[in-house]
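1. based on what follows, work out the 3D shape:
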Amino acid sequence: MKLPYLFFDICLLLLLRKFFVRAGDKHKVTKYWWLNPIVIFLPYMWGQFDLIPAFFVVYGIYYAGKSRTLLAALLFGLGASFKNYPLMLLPLLAIVGGERLRDMIKIFLVGLLPFVVTTLPYWGHKFFVDTVLVSWQSQKMLDFMWAIGGDDGVYPFVIGYALILLYCLYRLRARPQQISGPVALTLLWYYSTTAFHQQWFIWALPILVIYLVKNDHLLHIGLFVVGLFFLRLAVIQADATSELFRFLAPAFEDIPKTRVIMGYIYDIHKLRNIVNSLFLGTTVWFGGYLVSQEGKK
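-> Numbers count the residues shown, from 1 in each chain. Have a look, this model is predicted:
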């Protein structure tokens, strides 16, 4: 049942190699992706299919780098047919891919087309609407709000997303080759302001691997993020550690859950919030790094 994930995994690896020309860089991207413990864990141990939409988004980024923005938009929309998240990346592509407003609208509508075509037959079913189109999971970024008085508030994710859109509009417009930066910023900001599921992290992971290959000095940050990922997994998830091995022997079911064990050592809720805060701090730093690098160019 997991063989389709392996197919897309191999395709994504070959695609990542196409971002580089030098043999040394191709070797690095193979190592950082193929031996990545997060990539091994999520599709094959936890059995999550987020690898598939991630492939289509990265494929779209590849074609955007060749200024084929309409094809890139189609690939973003195809990825959205599996998971909704490419829909929030589509406006970024429309802005950096179009110089005039009508060009942006065209790119956006072309990107919506695959999503609409593949999901339209189900729009009349309430279950599909409630669990896909307007599900709680797809709007979790709105769970976090800063109160500003009365019943009013502002959403930190929306604030950051608006800033990224403005950054694209006034710094990256008509420069589709730069789409990877805004995509990475948006996804990392999403993780930092949302109680995200671990499998969602693979959405941004291929893009982070590209940046790591281009900038060797980011290696320590990469290792830190991998450590944070598995620490967060051990703290939050109840069935993603020893329970995954119960098919080998029923005794694995009786092993205490990692979050219970860690709760004996330190307050589990504080530890969870510390990990989330470290994620946020790393995201803010990396966002500043990407913007400063673009400024130097």
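
2. the host helix or strand of Leu16 - contacts with which helices or strands?
-> Using DSSP states H and E, Leu16 sits within helix 3-17. Helix 3-17 is packed against helix 23-34, helix 51-64, helix 205-214, with contacts defined by 3 or more CB pairs under 8 Å, 6 or more residues apart in numbering; DSSP states H and E. Where C-beta positions appear, they are placed from N, C-alpha and C, glycine not excepted.

3. can you give me the buried ones in the helix or strand just after the last one?
-> Read in the C-terminal direction, the helix or strand following helix 205-214 is helix 219-236, with elements assigned using DSSP H and E. Counting neighbours by 16 or more other CB atoms under 10 Å, one finds that the buried residues in helix 219-236 are Ile221, Gly222, Val225, Leu228, Phe229, Phe230, Leu231, Arg232, Leu233, Ala234, Val235, Ile236.

4. if I look at the fifth one, how far off is Trp123?
-> Phe229 sits 35 Å away from Trp123, taking CB to CB, to the nearest Å as the criterion.

5. do the second one as well
-> Using CB to CB, Gly222 is found at 41 Å from Trp123.

6. picking up where we left off before, let's have the helices and strands packed on helix 3-17 in CSV, adding mean pLDDT.
-> Formatted as CSV, the helices and strands packed on helix 3-17 follow (pLDDT from 0 to 100):
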stretch, mean pLDDT
helix 23-34, 95
helix 51-64, 97
helix 205-214, 94
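
7. tell me the most buried of these?
-> Per-stretch averages of neighbours, counted by mean count of other CB atoms under 10 Å, single out helix 51-64 among those, with a mean of 24.

8. following that one, which helix or strand comes up?
-> Of the helices and strands lying after helix 51-64 in sequence (DSSP H and E), the nearest is helix 69-80.

9. starting at the chain centroid, how far to the helix or strand just after that next one?
-> Sequence order places helix 86-97 as the next helix or strand after helix 69-80, per DSSP H and E. Relative to its chain's centre, helix 86-97 lies at 14 Å (CA atoms, centre = their mean, to the nearest Å).

10. can you check stretch 20-34 too?
-> Taking the mean of its C-alpha atoms, stretch 20-34 sits 21 Å from the chain's own mean (CA atoms, centre = their mean).

11. wasn't Asn273 part of a helix?
-> Yes: the assignment for Asn273 is a helix, going by DSSP: H, G, I helix; E, B strand; the rest coil.

12. could you look up the SS state of Phe196?
-> With three-state DSSP as the basis, Phe196 sits in coil.

13. who touches it in this structure?
-> By CB atoms under 8 Å, 6 or more residues apart in numbering, the contact set of Phe196 is Lys140, Tyr190.

14. on that earlier part again, pLDDT-wise, what's the bottom of the buried residues of helix 219-236?
-> Looking at the buried residues of helix 219-236 by pLDDT, the weakest one is Ile236, with 71.

15. now that residue: how far from Val29?
-> Noted for Ile236: a distance of 30 Å to Val29, by CB to CB.

16. cool, His217 as well?
-> Using CB to CB, His217 is found at 17 Å from Val29.

17. could you check the pLDDT of the residue sitting furthest away from the middle of the chain?
-> Distance to the chain centre peaks in the chain at Ala251, reaching 35.0 Å (criterion: CA atoms, centre = their mean). We note a pLDDT of 76 for Ala251 in this prediction.

18. likewise Pro156?
-> Listed pLDDT for Pro156 reads 94.

19. neighbours of the residue nearest to it when sequence neighbours are not counted, how many?
-> Spatial nearest neighbour of Pro156, excluding adjacent residues (CB to CB, 6 or more residues apart in numbering): Thr193 at 4.7 Å. When neighbours are counted by other CB atoms under 10 Å, Thr193 registers 23.

20. one more: Trp136?
-> By other CB under 10 Å, 10 other residues sit near Trp136.

21. tell me the phi and psi of it?
-> Backbone dihedrals for Trp136, given as degrees, to the nearest 10, come out at phi -60, psi -40.

22. phi first, then psi, for the residue farthest from the centre of the chain.
-> phi -60, psi -20.

23. that one and Phe286, how far apart?
-> Following CB to CB, the distance that separates Ala251 from Phe286 is 42 Å.

24. same check on Pro206?
-> In this view, Pro206 and Phe286 are 15 Å apart by CB to CB.

25. can you check Tyr5 too?
-> Tyr5 sits 27 Å away from Phe286, going by CB to CB.

26. flag every buried residue along the worst-scoring helix or strand of the chain on mean pLDDT.
-> Between all helices and strands in the chain, the lowest mean by mean pLDDT, DSSP states H and E belongs to helix 258-265, at a mean of 78. Of the residues in helix 258-265, Thr258, Arg259, Met262 count as buried by neighbour count, 16+ other CB under 10 Å.
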